[in-house]
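Trainee: return atomic coordinates for the entry below.
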Amino acid sequence: MKKYLPIIFLLLLFPSGYAMYFQTAKNSHVKKQANFKNKQVNPSISLLSFNKNNKFKKPIKTDNKNTWYAFSAEDGKQAGLLGFKDKTGKVKIPPKFFNFTRTGRFDDVVAVVDTTKEKDKYYFLNKSGKVFGINQLYTYDMGTDCEHQGTIRFRNPHTDTVGIYDKNGKVIIPAEYSDISRLYNGLAVALKDATHVKDGEHSFWSGGESLLINRDNQILVKDFPYYYSDRKTLDYSTLQIENTPSKNSTRDSFQGVNGQYYTFVNNKKDFTQWLNGFINNDFSQEDLVNITYPYIRRFSEEKNGWYDTPSQEFIKANFSTLKQSLQVLTLPSTKYQIILEDASSLNFEIDDFADLQGYVNNCGEGLIHQYPLISVVVENKVNEQGQDHFDFLKTDNGYKLISVTLRSSMLK
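Mentor: Modelled structure (predicted):
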């Protein structure tokens, strides 16, 4: 019975819109049942660390000295409930929240379900203790929304429309949209006046107007790509406003309502150009080391899961094989795909890799717009054992090879 509790809870909380809230997650997260050191963990809470009994382990590291960390009570009446501690271990909020709250870190604002209240138990909370947005939680993928850049989404239960609060409870984007993305670099993609269509257990939006808006709720671009699969390639942190469409082949341009063009780096185009430039040159072992993360993530059946190898050691032992496998991509006959995912797709124990925490938000979801994980998936013609995978993480220092799986060749 316990395994079905979250679904029953959600049906009671949002009986009319349950499937709708999970439509996006159904398409983009189901395949990412994260495996952290062979422990199956819900990807929506992958920022948290669990032991084999599904209990929280130590809080993850962070450079933010004011960050609070979620922890779980292990016994007594509070067993299984969540609270928050600071980095010294001092309890800031005792365990009283149902684990429907997905966040592992609390920087500015958090969505909670308070078990100490009979009424008005669903609300947003900031660090000063201010409660706001009662019964207005925005939910998806079996959990609440996560703060992003000091803001969080909410849903008006009376109008079934969505807006955005800042960390102090001020409405910065009014609830006048059918759905809305998080704010990225002061921008959000909003869907207005769409129709909610049910399809069996699931539902989706049909029609409506898709808009690029700013933090002041001003419409910048109409007919902007709304669906996640269409807009996930854009890096909103690279916004440039020009009088004409960008001539840069790696940027996408959208004409705004003011006649100017809002241009963004298209991560897939940018990566493809970079990759072609690298593999078409006679790169050296040192060149490959320079575009590789400090460690390489690998899977081994012999080791029963994923493990890490220092990059220099790995490349020194496998350079010839890696070079040949990468340069196969230059052949016209080679079939391969470039797929954008996010850093939460990596199989790693988050509290063991503090350096990767900058690529995920406080709920463990990858920041795909700015720091995508880009997989090069190569069709294997040598045998029928599967595909070759090269995974690159976009960082502030460029694209870095972080994971390799070869089935066409043997790696040492």
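Trainee: helices of the chain, start to end?
Mentor: Assigned by DSSP state H, the helices in the chain fall at 5-13, 18-21, 23-28, 228-231, 267-279, 285-290, 311-327.
Trainee: where in the stretch 201-350 of the chain is pLDDT low?
Mentor: 228-230, 347-350 (pLDDT under 70).
Trainee: do that again at 80, thanks
Mentor: For the stretch 201-350 of the chain, the stretches with pLDDT under 80 are 201-203, 226-231, 299-306, 343-350.
Trainee: and stretch 326-337, which residues are buried?
Mentor: Buried residues in stretch 326-337, counting neighbours by 16 or more other CB atoms under 10 Å, are found at L326, V328, L329. Any C-beta I mention is one placed from the backbone N, CA and C, and that applies to glycine too.
Trainee: ok, residues contacting that stretch?
Mentor: When contacts are defined by CB atoms under 8 Å, 6 or more residues apart in numbering, stretch 326-337 is touched by residues L275, N276, I279, N280, S375, V376, V377, V378, E379, F390.
Trainee: do the same with stretch 144-154
Mentor: Identification of contacts with stretch 144-154 by CB under 8 Å, 6+ apart yields 100-103, 107-113, 124, 133, 136-139, 162-167, 172, 175, 180, 182-184, 361-363, 365.
Trainee: try 6 Å
Mentor: Here stretch 144-154 makes contact (CB atoms under 6 Å, 6 or more residues apart in numbering) with 101-103, 108-109, 111, 133, 136-138, 162-167, 182-183, 361-363.
Trainee: can you check stretch 93-102 too?
Mentor: 44-45, 73, 78, 81-84, 112-113, 115-116, 143-144, 363.
Trainee: now list the buried members of the residues you listed.
Mentor: Buried subset of the contacts of stretch 93-102 (neighbour count, 16+ other CB under 10 Å): 44-45, 73, 81-84, 112-113, 115, 143-144, 363.
Trainee: returning to what we had before: reformat the buried residues of stretch 326-337 as a markdown table; add distance to S237.
Mentor: Shown next, in a markdown table, are these (distance: CB to CB, whole Å):
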| residue | distance to S237 |
| --- | --- |
| L326 | 28 |
| V328 | 33 |
| L329 | 28 |
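Trainee: looking at those residues, spot the one nearest T263.
Mentor: Using CB to CB, L329 comes nearest to T263 of these, at 27.9 Å.
Trainee: distance of that closest one from Q337?
Mentor: As judged by CB to CB, to the nearest Å, L329 and Q337 stand 11 Å apart.
Trainee: what's the answer for L183, then?
Mentor: The gap separating L183 from Q337 is 31 Å, by CB to CB.
Trainee: what of R407?
Mentor: Distance from R407 to Q337, by CB to CB: 15 Å.
Trainee: could you do F390 as well?
Mentor: Using CB to CB, F390 is found at 11 Å from Q337.
Trainee: before we move on, the earlier item: among the buried ones among the contacts of stretch 93-102, which ones are in strands?
Mentor: L82, G83, F84, V112, V113, G143, T144 (DSSP state E).
Trainee: where's the dip in pLDDT among the residues you listed?
Mentor: Note: of these, the lowest pLDDT belongs to G143, at 82.
Trainee: dig out what that residue forms beta bridges with.
Mentor: Beta-bridge partners for G143, by DSSP bridges, are Y140.
Trainee: repeat that for the one 10 residues further on.
Mentor: In this entry, R153 is beta-bridged to I164, by DSSP bridges.
Trainee: neighbours of it, just the number please.
Mentor: If you count neighbours by other CB atoms under 10 Å, R153 ends up with 29.
Trainee: please apply the same query to N126.
Mentor: Count around N126 with other CB under 10 Å applied: 21.
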